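Visitor: Task: produce atomic coordinates for the following.
(one chain, ligands or ions: 1)
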Amino acid sequence: MPGYLVDDTRKVTTHRLKEMKEQGKKIAMLTSYDYTTAKIVDEAGVDIILVGDSASNVMAGNHTTLPITLDQMIYHARSVVRGVKRALVVCDMPFGTYQVNPVEGVRNAIRIMQETGCDAVKLEGGVEILDTVRKILDAGIPVMGHLGLTPQSINKFGTYAVRAREDAEAARLLSDAAALAEAGCFGIVLEKIPAALTQKVVESVDVPIIGIGGGPADGQVLVIDDMLGKNKDFSPKFLRRYADLHTVMLDAIGQYVTDVKSCDFPNAQEQY
Ligand code: KIV
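Guide: Numbering: from 1, shown residues only. Here you go, the predicted structure:
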């Protein structure tokens, strides 16, 4: 039985997410990259599990999301799908798999769907990728958009600072969100933009808006390793830490080392 404040135990669908927005019910979204974690995240009642390309940072230790490959994303997504019963599973299309042209984009989206069993894909960008988004939707694949700070473009931005503070960029983001919603995206992630702009987008489109560092929206998403406090080196203002797993793990593993070296482990009951 899924966990907290879950009043509907059926499998989450894109249709159900739209209903949640209409009914003012908030959507909880979190990343996962492996089977064991996804199982817990699903059991706790998270509505959308994102197999984010942030796996490049938190799983592989890269500085950006750019190096992760399609094969690696498929491996992570397939592992997550095996652990999930209720949540909608969205897989990020990694850098380079949809920017070249719409045909390549739809071919790679089909590979993700066929080889992972996930429910949808997520792409970063607005009008510049609209043809690709339409083609993927035409293939029957649900698409989630991602605007604001789009980490695959970090080399163009040159900084992880808040996006769309200026009027021109804010206006562009509003029209990008309208275009993605109009094309048929079932939801849009808005990353690191002013809360007032998020509010405008929430009010101007009828699909769920999921914020990360964007203030209140129809739902929220965080990177699981960050919100569980595994990583002490990343502390943006928007991050709320729900646990201190760094300390929990350090203490537990330190105790294990002590027990092995002092011959306390294994004891008489822990052997055959
Ligand atoms: O890759 C990711 O984890 C993401 C979230 C930050 C939204 O795209």
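
Visitor: all contacts plus neighbour counts: C-alpha atoms, from now on.
Guide: Will do.

Visitor: neighbours around whichever residue of the stretch 51-200 of the chain sits closest to the ligand, how many?
Guide: Relative to the ligand, the nearest point of the stretch 51-200 of the chain is residue 52 (3.3 Å; Cα to the nearest ligand atom). Close neighbours of residue 52, defined as other Cα atoms under 10 Å, add up to 25.

Visitor: Hmm, residue 80 and it touching each other?
Guide: No - between residue 52 and residue 80 there is no contact under Cα atoms under 8 Å: 11.1 Å.

Visitor: re the thing from before, per-residue confidence for the residue of the stretch 51-200 of the chain closest to the ligand?
Guide: pLDDT recorded at residue 52 is 98.

Visitor: Excluding sequence neighbours, find me the nearest residue to it.
Guide: residue 92 (5.2 Å; Cα to Cα, 6 or more residues apart in numbering).

Visitor: my guess is the one you found meets residue 122, correct?
Guide: Yes - with contacts counted by Cα under 8 Å, residue 92 reaches residue 122, the gap being 4.7 Å.

Visitor: Identify the residues contacting stretch 240-248?
Guide: With Cα atoms under 8 Å, 6 or more residues apart in numbering as the test, stretch 240-248 has contacts from 226-232.

Visitor: Mind doing that once more with 6 Å?
Guide: 227-230 (Cα atoms under 6 Å, 6 or more residues apart in numbering).

Visitor: again with stretch 18-27
Guide: Contacts of stretch 18-27 (Cα under 6 Å, 6+ apart): 208, 218-219.

Visitor: cool, and stretch 164-175?
Guide: Contacts to stretch 164-175, defined as Cα under 6 Å, 6+ apart, come from residues residue 193.

Visitor: and residue 114, what element?
Guide: helix 102-116 (DSSP states H and E).

Visitor: how about the following helix or strand past that helix: buried residues?
Guide: Downstream of helix 102-116, the first helix or strand assigned by DSSP H and E is strand 120-122. Going by neighbour count (16 or more other Cα atoms under 10 Å), the buried part of strand 120-122 is 120-122.

Visitor: so where do the strands sit in the stretch 51-200 of the chain?
Guide: With DSSP state E, counting those that start in this stretch as the criterion, the stretch 51-200 of the chain has strands at 88-92, 120-122, 143-148, 187-191.

Visitor: Let me know how buried the residue nearest to residue 52 is, in neighbour terms.
Guide: Neighbours of residue 92 using other Cα under 10 Å come to 26.

Visitor: What of residue 165?
Guide: By other Cα under 10 Å, 12 other residues sit near residue 165.

Visitor: just the one 3 residues further on next, same as before
Guide: Neighbour count of residue 168, defined by other Cα under 10 Å: 9.

Visitor: Give me the secondary structure label for the residue nearest to the spatial centre of the chain.
Guide: Centroid-nearest residue in the chain: residue 50, 3.5 Å away (criterion: Cα atoms, centre = their mean). Three-state call for residue 50 (DSSP: H, G, I helix; E, B strand; the rest coil): strand.

Visitor: Tell me how far it lies from the ligand.
Guide: Note on residue 50: its distance to the ligand, by Cα to the nearest ligand atom, to the nearest Å, is 7 Å.

Visitor: Skipping adjacent residues, who's closest to that residue in space?
Guide: Residue 50 sits nearest to residue 31 (Cα to Cα, 6+ apart), 4.4 Å away.

Visitor: Tell me, how many residues neighbour the one you found?
Guide: Number of residues near residue 31 (other Cα under 10 Å) recorded here: 27.

Visitor: Check it and give its pLDDT.
Guide: On pLDDT, residue 31 comes in at 98.

Visitor: In this structure, where is pLDDT below threshold?
Guide: 1-5 (pLDDT under 70).

Visitor: Indicate the residue of the stretch 101-250 of the chain located nearest to the ligand.
Guide: Of the residues in the stretch 101-250 of the chain, the one nearest the ligand is residue 223, at a distance of 5.4 Å by Cα to the nearest ligand atom.

Visitor: Confirm for me that that residue is in contact with residue 29.
Guide: No - here residue 223 lies out of contact with residue 29, judged by Cα atoms under 6 Å, at a distance of 9.2 Å.

Visitor: In terms of neighbours, single out the busier of those two.
Guide: Neighbour count, other Cα under 10 Å: between residue 223 and residue 29, residue 29 has more, with 25 against 19.
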